[in-house]
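Enquirer: The following comprises the amino acid sequence and a computationally predicted model.
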Amino acid sequence: MSQIQFYNTYSKQVEIFEPLEPGKVKLYSCGPTVYSHPHIGNFRSFLMADLLKRFLEFKGYAVTHIMNITDVGHLLDDADEGADKLEEAARKEKKDPLEIAQFYIDSFSTASELLNMKPADSYPRATEHIDEMIAMVQVLIDKGHAYVVGHNVYYDVTTFKNYGKLSGNTLDDLNTGARIEVNSEKKNPQDFALWKHDPKHIQQWDSPWGRGFPGWHIECSAMSVKYLGEQFDFHTGGEDNIFPHHECEIAQTEGATGKKWVNYWMHGRFLLFDGEKMSKSKGNLYTIQELVEKGFKKNAIRYALIASHYRQNYNFTFNGLKAAEQAIDKISQCVFTIKEKAKGNADTAVRDEVSAFIEKAINGFDEALSDDLNISKALAAVFDLVKEVNKLNSPTAAEATAIVAAIERIDLVLGVLEETDDSIPAEITELAERRKQAKLSKDWAAADAIRDEITAKGFVLEDMPSHEYRIKKSDG
Ligand code: AMP
Ligand code: ZN
C-alpha cells in the first residue's frame, strides 16, 4: 500500500497514517443528537466520515465504524446549563423523549440511506449505555479526576495535564473568558458535569450519586471504549465538536485508562448557507428529504456535500446542486455510451493507450485521496478519464469492460452512480440513437414521434446536456 496522510487536529500537522493493527481501521464518529431532523450541514460531517471509510476500504483496510446516537444529556448550553435538547423537543411536541428520539432516528436513517451512506457497524444509543457511563465516572472519581458535590459529579480539568491540547484552549485563556455567573459548585469554572441531578429532568437513572442523568461527553468515551477498545485509529466530527465535546472526551477516556486514546482526529469545517453556519438555532437549514421533495436527485446531494475539501467551508447553493447533477450525468453518460459503442464488438484486445489512461485515472484518484482526502484533485482525475473515454471512437469490448470496471471501482468511494440497468433492448437503444440524429438535424417532429414510440414500448428517455440521453424502464 502506498502512503496515506491526514491532517490531525490533535497535532495540527499532516501525518502519515499508520493503523494500530495491520490491515484494520477502527473509526468512531460523533453522530446525531436526535431532537430534530438532521440538516445537510450535519450530513456534510457524517459524509466526511463516510468518504474516509470508503477510501480506507478502497485501500484494502477492514474498517470497523461506530457512530453514536445522542438521546440524552446534550444541553442547550455548553456550560452545563440550559435544557436537555431532547427534553425541550419532547415538551414542545408533547411527546415522550423516547418517542422523539425514535422519530428523529428514523429521519436520520432515511436520509442516510438516501445519501447512500455505508451503514456503521453499530449505532449505540446513550440511553442504552448508562451502566457503562456510570462505571467510567466511578473510575474517574477513584483516580482523583472527578469529584462529587451533592448528587452531581464533575471532572476536575486541572487534574489532566493535556486538557486543551486538542482545541488549543489553555485553562488560563478559558478562565479569563469565563462568564461571571460561574456555577459555584465547581472547583474550577471549566470543570464539566459527568453526572447531573435535576428533579425536572424527564429521563433519570439510579446511580451511586443518586438519581440523575449523564453529561453529554461521557457517552462517547464510554461507548467508543466498549465497541472499539481503549485505543483506536480515528475519531471524527464537525469543527464545533472540537471544544468542548472532544476536549472533554479525551480528558475522560485518557484519565480513566491512563493510555493514549485516539491516534487521528478529523474534523470537518462547517457547511454555510448565505455565509453563515447552517444550524437549527439559526433556522437556516435544509434537510435531505426537503431537497429530494424539491426535485433534486439524492446522488447529486451526496456529490455536492462531498465534492469540496472537508477542511474548507462549503457554501451551499442550489446552483451547486445543479452543477452536481450535471457532473454525475457526465460520468453516467460516459459509462452508458462506452457500453453502447462497444456493443456487438467481440474484440478482446485492450490498446496500450487505453490501459495507460485507465491506470493514470485510478492512480491519480488514489494519490489525491491519499493526500488528506483531496477530493477536488480526485474528481479532476475522474473527469480526465471521462474526457479520454469520450474521445474513443471504436472501443473493443474488453476496453469498454475495463473502463466501466475502473469507473465502478472509483464509485465504490464516491457512491454517486445509480445502478445501471443493462436490460434495455437493442430495439430501444436504436430508436434512441435515431432520435438523437433527428434532434441533431433539427427534425423535431421526427424526434417527438420516436420519443412517443419509446414511451409506448414501456421506456423513458431522459434528455441530458449536449444531446445525450439516458434510457430507463418506465415504472408503470
Ligand atoms: P448534532 O446533531 O448537533 O450533535 O450534530 C451532529 C454533527 O453535525 C456534529 O458532528 C456537528 O459538528 C455537525 N454539524 C453541525 N452543524 C454543521 C454544519 N453547519 N456543517 C457541518 N457540520 C455540522
Ligand atoms: Zn461525541
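Expert: Here it is on my side, so go on. Predicted, not measured: the structure shown is a model, and the values here were computed from it. Ligands and ions are numbered 1, 2, ... in the order given.

Enquirer: list the helices and strands the longest helix anywhere in the chain packs on?
Expert: Under DSSP state H, the helix in the chain containing the largest number of residues is helix 318-342. Judged by 3 or more Cβ pairs under 8 Å, 6 or more residues apart in numbering; DSSP states H and E, the packing partners of helix 318-342 are helix 298-306, helix 375-391, helix 397-414, strand 469-473. Just so you know, the C-beta spots here come from the backbone N, C-alpha and C atoms, and that holds for glycine as well.

Enquirer: hmm, 6 Å instead?
Expert: Using 3 or more Cβ pairs under 6 Å, 6 or more residues apart in numbering; DSSP states H and E, the elements in contact with helix 318-342 are helix 298-306, helix 375-391, helix 397-414.

Enquirer: is the shortest one up against ligand 1 anywhere?
Expert: Which is helix 298-306. No: using Cβ under 6 Å from any ligand atom, helix 298-306 never reaches ligand 1; the gap is at least 9.3 Å.

Enquirer: got the CA coordinates for that helix in CSV?
Expert: The C-alpha trace of helix 298-306 is given here as CSV (Å, rounded to 0.1, in the frame of the first residue of the first chain):
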residue,chain,number,x,y,z
LYS,A,298,-30.3,12.2,-4.0
ASN,A,299,-27.0,11.3,-5.5
ALA,A,300,-26.5,14.9,-6.6
ILE,A,301,-27.0,16.0,-2.9
ARG,A,302,-24.4,13.4,-1.9
TYR,A,303,-22.0,14.7,-4.6
ALA,A,304,-22.4,18.3,-3.6
LEU,A,305,-21.8,17.5,0.1
ILE,A,306,-18.6,15.5,-0.5
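
Enquirer: contacting residues around that helix?
Expert: 43-44, 47, 51, 114-116, 291-292, 320-321, 324-325, 328, 416 (Cβ atoms under 6 Å, 6 or more residues apart in numbering).

Enquirer: The same query, at a cut-off of 7 Å, please.
Expert: Helix 298-306 has contacts (Cβ atoms under 7 Å, 6 or more residues apart in numbering) with 40, 43-44, 47, 51, 114-116, 288, 291-292, 320-321, 324-325, 327-328, 375, 415-416, 418.

Enquirer: same deal with stretch 103-117?
Expert: So stretch 103-117 is in contact with 32, 34-38, 43, 46-47, 50, 69, 287-289, 292, 298-299, 301-302, 415, going by Cβ under 7 Å, 6+ apart.

Enquirer: from those residues, which would you call buried?
Expert: For those, a burial check counting by 16 or more other Cβ atoms under 10 Å picks out 32, 34-38, 43, 46-47, 50, 69, 287-288, 292, 298-299, 301-302, 415.

Enquirer: Which ones among those residues lie within strands?
Expert: Among the buried ones among the contacts of stretch 103-117, no residue falls in strands (DSSP state E).

Enquirer: where does this structure come near ligand 2, residue by residue?
Expert: Where the chain comes near ligand 2, counting by Cβ under 5 Å from the ion, the residues are 30, 220.

Enquirer: Which single residue of the chain ends up nearest ligand 1?
Expert: residue 238 (2.1 Å; Cβ to the nearest ligand atom).

Enquirer: Now that residue. Nearest residue, chain neighbours left out?
Expert: residue 45 (3.9 Å; Cβ to Cβ, 6 or more residues apart in numbering).

Enquirer: Give me the neighbour count for that neighbour.
Expert: 28 (other Cβ atoms under 10 Å).

Enquirer: wait, it sits on residue 237?
Expert: Yes: between residue 45 and residue 237 a contact is recorded at 6.4 Å, counting by Cβ atoms under 7 Å.

Enquirer: what is in contact with the two at once?
Expert: By Cβ under 7 Å, 6+ apart, no residue touches both residue 45 and residue 237.

Enquirer: How is this structure partitioned into domains?
Expert: If you go by automatic domain parsing, the domain ranges for the chain are 20-268, 289-414, 426-473.

Enquirer: Could you export the ones you listed to CSV, including columns for distance to residue 280?
Expert: CSV is the format used below for the domains of the chain (distance: least, Cβ to Cβ, whole Å):
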stretch, distance to residue 280
domain 20-268, 5
domain 289-414, 14
domain 426-473, 36
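
Enquirer: Most tightly packed of these?
Expert: domain 20-268 (a mean of 19; mean count of other Cβ atoms under 10 Å).

Enquirer: what's the span of it from first residue to last?
Expert: 23 Å (Cα to Cα, to the nearest Å).

Enquirer: looking at the domains of the chain, which has the lowest confidence?
Expert: Of all the domains of the chain, domain 426-473 carries the lowest average pLDDT, namely a mean of 85.

Enquirer: List the contacts of the closest residue to residue 140 other than its chain neighbours.
Expert: Spatial nearest neighbour of residue 140, chain neighbours left out: residue 146 (3.9 Å); criterion: Cβ to Cβ, 6+ apart. Contacts of residue 146 were listed using Cβ under 7 Å, 6+ apart, and they are 137, 140, 153-156, 194.

Enquirer: Got phi/psi on residue 146?
Expert: phi -130, psi 160 (degrees, to the nearest 10).

Enquirer: cool, residue 112 as well?
Expert: phi -60, psi -40.

Enquirer: now the closest residue to residue 61 other than its chain neighbours: how far from residue 268?
Expert: Sequence neighbours aside, residue 25 is the residue nearest to residue 61 in space, at 4.6 Å (criterion: Cβ to Cβ, 6+ apart). In this view, residue 25 and residue 268 are 18 Å apart by Cβ to Cβ, to the nearest Å.

Enquirer: same deal with residue 78?
Expert: Residue 78 is 19 Å from residue 268, by Cβ to Cβ.

Enquirer: next one: residue 240
Expert: Taken as Cβ to Cβ, the span from residue 240 to residue 268 is 10 Å.

Enquirer: And for residue 5?
Expert: In terms of Cβ to Cβ, residue 5 sits 17 Å off from residue 268.

Enquirer: Quick check: which element contains residue 64?
Expert: strand 62-67 (DSSP states H and E).

Enquirer: Now do that strand: everything it contacts.
Expert: By Cβ under 7 Å, 6+ apart, strand 62-67 touches 23-29, 31, 53, 56-57, 120-124, 224, 227-228.

Enquirer: what about it, near ligand 1?
Expert: No: using Cβ under 6 Å from any ligand atom, strand 62-67 never reaches ligand 1; the gap is at least 10.0 Å.

Enquirer: Export that strand to CSV, keeping only CA atoms.
Expert: What follows is strand 62-67, C-alpha atoms only, in CSV (Å, rounded to 0.1, in the frame of the first residue of the first chain):
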residue,chain,number,x,y,z
ALA,A,62,-11.2,-3.6,7.0
VAL,A,63,-12.9,-0.8,8.8
THR,A,64,-15.0,-1.0,11.9
HIS,A,65,-17.2,2.0,12.2
ILE,A,66,-19.2,3.1,15.2
MET,A,67,-21.5,6.1,15.2
